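J.: Build me a structure from this.
(2 chains)
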Amino acid sequence: MSPLGPLLLATLLFCVGVYGIIARRNAVLVLMSVELMLNAVNINLVAFQNLVWVGEEAVSGQMFALFIIAVAAAEVGVGLAIIFNMFRNRASVNVDDVDLMRW
Amino acid sequence: MTGYDVVFVLVGLVTAGAAMLTVTSKNLVHAALHLAVTLAGIAGVFLVLHADFLALVQLIVYVGAVTVLFLFGLMLTRAPIGREALDSQNRGLGLAVAGGLFVTLSALIVMAYGGAERVTPQRVATEDIGISIFRDWVLPFEVLSMLLLAALIGAIVLARREAGDSGEAQDQTIIDFGDAPRDEQGGPGATPAGAGGAAELGSGDTTTSAGERR
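T.: Residues are numbered from 1 along each chain as shown, chains lettered A, B, ... in the order given. Reported below is the predicted structural model:
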């Protein structure tokens, strides 16, 4: 199996995540797009581990993917807490409405 | 075209389609469910790549926990449904940036790995992953546990109500530009501080907390 397929799939998922971050207005949907991008990176790491650098001693690719999964879970928790706070204060979860600290 | 390739193409098509539906869906709950399908598809990709342990972790953490968390977030924030309410004005910009990035990156990847030889995915035993965690990656592992603890405490502190739920009136500033419930007070000093002012403050506080609890 060639590493080209997983790498292209990861690229597609990453770009879909970029589109979601730019185009979505709801903060929860923006967070979902961030998750998509993180998962794309995970696919890349596992593909490089298992297809390109086969038999590396410290299982670096899968370790990085595991750490990314854990950090992403923490990020979702804190991000949703921030979104709840924002909804409580502004009665809205639109990222356009939160411009108090802009410029 | 080996069996790996066939299975990978099928799983990859499902994953890519579900990802696109995630960012274009008009219904918030549908978007979250499509995200669950995408994450499960990524677990399938891990299985095809023979990363069994990672596939199971992906299923447990993402499909099991993160999706439920997202659904809770969507239901607690009661966002409106519909493309105009969900998407901002710069969809064209997003399409251009994402499309340009995809073309550039995939051209680079095809240039770099187009001629890579086909190998059978190498299975890494879960035992080796465990040994590697506690031999090569001990320090990052412990730092990660501290990060998880900090995120836990931070999420609780952020999502908790402000102090003063216990009944006593608290002067809190509510910045509302939307239709949040606001205290209908004339302003500072409009009413003399007395029993009436305290009652008004108390009633305003109850409406605020009722609005929060909706």
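J.: And the nearest residue to residue B:52 once chain neighbours are set aside, how close does it get to residue B:59?
T.: On the basis of C-beta to C-beta, 6 or more residues apart in numbering or on different chains, the spatially nearest residue to residue B:52 that is not a chain neighbour turns out to be residue B:126, at 6.9 Å. C-beta: built from backbone N, CA, C; applies to glycine. Residue B:126 sits at a distance of 15 Å from residue B:59 (criterion: C-beta to C-beta, to the nearest Å).
J.: Show me which of those two is the more surrounded one.
T.: For residue B:126 and residue B:59, the more surrounded residue by other C-beta atoms under 10 Å in any protein chain shown is residue B:59, and the numbers stand at 17 against 12.
J.: Where does the more buried one sit: helix, strand or coil?
T.: Following DSSP: H, G, I helix; E, B strand; the rest coil, the label given to residue B:59 is helix.
J.: pretty sure it is touching residue B:43, no?
T.: Yes. Residue B:59 is within contact range of residue B:43, at 4.9 Å (criterion: C-beta atoms under 8 Å).
J.: any idea how far residue B:3 is from residue B:48?
T.: From residue B:3 to residue B:48 the distance is 10 Å (C-beta to C-beta).
J.: no no, residue B:88
T.: The spacing between residue B:88 and residue B:48, counted by C-beta to C-beta, is 36 Å.
J.: Quick one: the helices in chain B, in order.
T.: Taking DSSP state H to define them, one finds helices in chain B at B:3-24, B:28-48, B:52-58, B:67-77, B:83-86, B:91-113, B:126-136, B:138-159, B:195-213.
J.: Then chain A?
T.: A:4-23, A:27-47, A:60-90.
J.: ok, back up a step: please tell me I have it right and the residue nearest to residue B:52 contacts residue B:53.
T.: Yes. Proximity of residue B:126 to residue B:53 meets the contact threshold set by C-beta under 8 Å, at 4.5 Å.
J.: Low-confidence bits of the chain, can you list those?
T.: I'll assume chain A. Scanning chain A for pLDDT under 70 picks out A:103.
J.: actually chain B
T.: Going by pLDDT under 70, which is the cut-off in play, chain B has low-confidence ranges at B:79-86, B:162-214.
J.: Give the closest residue to the residue nearest the centre of it in space, chain neighbours not counted.
T.: Centroid-nearest residue in chain B: residue B:70, 5.9 Å away (criterion: C-alpha atoms, centre = their mean). The spatial neighbour of residue B:70 that comes closest, neighbours along the chain excluded (C-beta to C-beta, 6+ apart), is residue B:32 at 4.8 Å.
J.: How many neighbouring residues does the one you found have?
T.: 24.
J.: now residue B:74
T.: When counting by other C-beta under 10 Å, one arrives at 21 neighbours for residue B:74.
J.: ditto for residue B:77
T.: 20.
J.: which residues sit in contact with it?
T.: The neighbourhood of residue B:77, defined by C-beta atoms under 8 Å, 6 or more residues apart in numbering or on different chains, consists of A:28, A:83-84, A:87, A:93.
J.: which of those residues come close to chain B?
T.: Checked against chain B using C-beta under 8 Å from any C-beta of the partner chain, the contacts of residue B:77 give the following subset in range: A:28, A:83-84, A:87, A:93.
J.: Measure how buried residue A:70 is and give me the count.
T.: Every residue meeting other C-beta under 10 Å relative to residue A:70 is counted, giving 18.
J.: which ones are touching it?
T.: Taking C-beta under 8 Å, 6+ apart as the criterion, residue A:70 is in contact with B:61, B:144, B:147-148.
J.: for the helices of chain B, which one ends up most surrounded?
T.: helix B:28-48 (a mean of 22; mean count of other C-beta atoms under 10 Å in any protein chain shown).
J.: helices or strands next to it in the packing?
T.: Under the contact criterion of 3 or more C-beta pairs under 8 Å, 6 or more residues apart in numbering or on different chains; DSSP states H and E, the helices and strands touching helix B:28-48 comprise helix A:4-23, helix A:27-47, helix B:3-24, helix B:52-58, helix B:67-77.
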